[in-house]
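In: Next comes the sequence, and after it the predicted model I'd like to discuss.
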Amino acid sequence: MSPSSSSSRSVAVIGTGLVGCLAALGFATQFSWTVDIYDARSSTSQAIDDTRTINLALSNRGLRTFEEINPEIAAELVRQSVPLYGRTIHKRDGKTEFQAYGPHGEAIYSINRLTMIALLKEAIDSCPLIKTHYSRKLIKSDGRNLLFENPVTGEHVSATADLIIGADGAYSAVREQMRRVIKMDLSTRWAPLSYMKIEVPPVVLADGSTDHAFDPDKLHVWPRKDFLLIAPSNPDKTFTCVLWAPEALLERLRDKNYALQFFTEEFPSFITATSPEDVVNQVTTGPIVPMCSTKCFPMNDEHRILIGDAAHAIVPYLGHGANVGFEDVRILLECLSCEPDQRTALDTYSKMRHNDLEAIEGIAWGHKKELSQSVLEVRYKLRKSLDFFLARAFPGHWAPLYAAVTFEAGTPYSKVVERHRRQELIVSSFQWVVTLLLLVSIWRTLGHPGWTRFLVLE
């Protein structure tokens with residue numbers, strides 16, 4: 001199979017989420033394949049629960065895939081997002097501190113998931129090679145054959161495709177069908193924290209105009225070790241905030257009196273910049289959303305491949321899950337372009353991607369401690385300053401972990417981790433050398449004369 005010359009080939013994408021829609025566009029525009037997208041829900045809007053949806057942090061990795069598939073969409077995503085250049089850390093005493101994301105003024109882009117879906121849906125609807133089928137719940141997948149059921153009428157509809165892409169989320173039906181016939185390792189790890197979404201409207205000024213409640217070009221973070229609050233901004237001057245906390249604590253916030261006391265004591269700078277009544281109303285009525293990571297291997301067989309959350313749902317502490325899915329699409333297209341045999345290309349993708357997904361999962365779990373605790377520590381801030389200095393002094397050879405993950409679109413996650421370990425070893429070795437030299441200096445200054453007298457007496 002040569003994608004560049006296979007205009008008669010077909011692909012079925014299961015799932016109308018962000019990753020599935022981008023994959024559909026990629027196969028249609030890059031390979032000229034006919035694409036059918038299937039979803040169990042009756043419309044794209046039903047695919048997203050706005051009471052649970054939090055902002056995406058679009059990074060260079062995700063943007064690269066959009067730029068290669070549809071540069072116009074990439075430019076529009078940037079236009080409809082808010083660039084965030086770092087974090088503003090809010091301490092309990094009300095003081096704040098800015099911490100940049102990258103050593104060269106780089107930014108991530110805060111964007112609403114609904115905005116991205118709307119742009120992708122518009123592009124899909126205008127592409128003659130793509131057709132979207134709603135009310136199609138997958139009930140069987142066998143080789144190239146698919147069987148769907150209409151959830152409302154019970155009608156069964158069959159279809160076939162040369163390639164079937166499972167982009168149907170963490171509870172993937174495609175994955176479950178594949179597990180019936182291949183030996184697939186599957187694991188789920190539940191996060192100790194759940195989250196609750198809080199919307200902060202614009203502040204109304206005395207003259208009737210509106211303004212942001214907080215500085216809009218920074219991610220605002222209230223780290224409290226066992227829980228934390230973050231606030232990324234939107235173009236309409238609102239903030240889509242997320243409170244991450246143990247579920248037991250979130251349940252206690254159902255009590256209005258306790259909720260007001262909690263926010264007043266723990267997040268004073270937040271509650272004074274918002275409407276306390278509105279915040280309390282949201283946390284006492286909004287849904288509590290659990291979080292987990294899911295991974296599987298292998299991610300393919302001869303005709304089927306899993307991408308996005310269907311293959312690897314990662315916890316959102318890093319805000320990078322969608323970017324990983326977008327990168328899946330780019331790498332899958334590259335594998336199919338380089339290898340004429342579909343099965344070989346899919347096997348290559350699965351093996352290549354496995355190491356990178358293991359790496360980014362570990363980074364995502366570790367980022368919870370960084371956001372909730374480390375950002376307040378002197379040691380962390382000193383190390384960050386050292387990393388920034390070395391990154392500027394040795395560009396391309398040294399990079400802070402977060403900056404490498406987020407801004408180095410061409411560096412695989414596994415390579416990022418390998419380099420980070422080398423950097424850790426270098427810094428650790430340097431610290432030991434400095435410590436040893438310091439001890440020798442102290443010994444020579446204070447201990448050596450006495451030691452000499454002792455030797456003489458002996």
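Out: Noted; the coordinates are in hand.
In: Could you break the protein into its assigned domains?
Out: 10-83+110-187+294-373, 190-290, 377-446 (the TED database).
In: and Ala167, what is it in contact with?
Out: By C-beta atoms under 8 Å, 6 or more residues apart in numbering, the contact list for Ala167 reads 13-15, 17, 19-20, 23, 306-308, 310, 325. Bear in mind the C-beta positions are built from the backbone N, C-alpha and C, glycine included.
In: How about it: what's its closest non-neighbour residue?
Out: Gly20 (3.4 Å; C-beta to C-beta, 6 or more residues apart in numbering).
In: ok so, going back, need the contacts of Ala167 in TSV (columns: secondary structure).
Out: Shown next, in TSV, are the contacts of Ala167 (DSSP: H, G, I helix; E, B strand; the rest coil):
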residue	secondary structure
Val13	strand
Ile14	strand
Gly15	coil
Gly17	coil
Val19	helix
Gly20	helix
Ala23	helix
Leu306	strand
Ile307	coil
Gly308	helix
Ala310	helix
Gly325	helix
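In: of all the domains of the chain, which lies closest to Lys95?
Out: Closest approach to Lys95 among the domains of the chain (C-beta to C-beta): domain 190-290, 8.8 Å.
In: Phi, psi for the closest residue in space to Gly321 that isn't next to it in sequence please.
Out: The shortest distance from Gly321 to any non-neighbouring residue, by C-beta to C-beta, 6+ apart, is to Ile314 (5.0 Å). Dihedral angles of Ile314 (phi, psi; degrees, to the nearest 10) stand at phi -120, psi 150.
In: List the residues that contact Ile314.
Out: Counting by C-beta under 8 Å, 6+ apart, Ile314 has contacts 293, 320-321, 324, 360-361, 364.
In: measure the residue nearest to Ala167 to Glu67 for me?
Out: Distance of Gly20 to Glu67, given as C-beta to C-beta, to the nearest Å: 19 Å.
In: So for those two, which sits in the more crowded spot?
Out: Just comparing Gly20 and Glu67: by other C-beta atoms under 10 Å the higher neighbour count belongs to Gly20, 28 against 17.
In: pretty sure Ile165 contacts Ala12?
Out: Yes: here Ile165 reaches Ala12: they are 7.0 Å apart, a contact under C-beta atoms under 8 Å.
In: of those two, who's got more company?
Out: Ile165 (29 against 26).
In: Which helix or strand contains the more buried one?
Out: Using DSSP states H and E, Ile165 sits within strand 163-166.
In: show me where the stretch 101-250 of the chain has helices.
Out: 113-125, 173-178, 247-252 (DSSP state H, counting those that start in this stretch).
In: Any idea how far the longest one is from the middle of the chain?
Out: In other words, helix 113-125. Put simply, helix 113-125 sits 19 Å off its chain's centre (C-alpha atoms, centre = their mean, to the nearest Å).
In: repeat for stretch 240-255
Out: That offset, for stretch 240-255, works out to 21 Å (C-alpha atoms, centre = their mean).
In: tell me which of the contacts of Ala167 is nearest to Asp217?
Out: Closest to Asp217, out of all of the contacts of Ala167 and judged by C-beta to C-beta, is Gly325, at 25.7 Å.
In: what about that closest one, how many residues close to it?
Out: Neighbours of Gly325 using other C-beta under 10 Å come to 26.
In: Can you list the buried residues in stretch 278-294?
Out: 279-280, 282-283, 286, 288-289, 291, 293-294 (16 or more other C-beta atoms under 10 Å).
In: tell me which helix or strand of the protein sits lowest on mean pLDDT?
Out: When the helices and strands of the chain are compared on mean pLDDT, DSSP states H and E, helix 448-457 comes out lowest with a mean of 48.
In: follow-up on the earlier one: check what pLDDT the residue nearest to Gly321 gets.
Out: At Ile314, the model reports a pLDDT of 94.
In: same deal with Asp49?
Out: So Asp49 comes in at 61 (pLDDT).
In: same check, this time on Tyr171
Out: For Tyr171, the model assigns a pLDDT of 94.
In: got the CA coordinates for stretch 379-395 in CSV?
Out: As requested, C-alpha coordinates have been extracted for stretch 379-395 and formatted as CSV (Å, rounded to 0.1, in the frame of the first residue of the first chain):
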residue,chain,number,x,y,z
ARG,A,379,15.4,24.2,45.7
TYR,A,380,13.0,23.9,42.7
LYS,A,381,13.3,27.6,41.8
LEU,A,382,17.1,27.4,42.0
ARG,A,383,17.2,24.4,39.7
LYS,A,384,14.8,26.0,37.3
SER,A,385,17.1,29.1,37.1
LEU,A,386,20.1,26.9,36.5
ASP,A,387,18.2,25.0,33.7
PHE,A,388,17.2,28.2,32.1
PHE,A,389,20.8,29.5,32.2
LEU,A,390,22.2,26.3,30.7
ALA,A,391,19.5,26.2,28.1
ARG,A,392,20.5,29.7,26.9
ALA,A,393,24.2,28.9,27.1
PHE,A,394,23.9,25.5,25.3
PRO,A,395,20.9,25.8,23.0
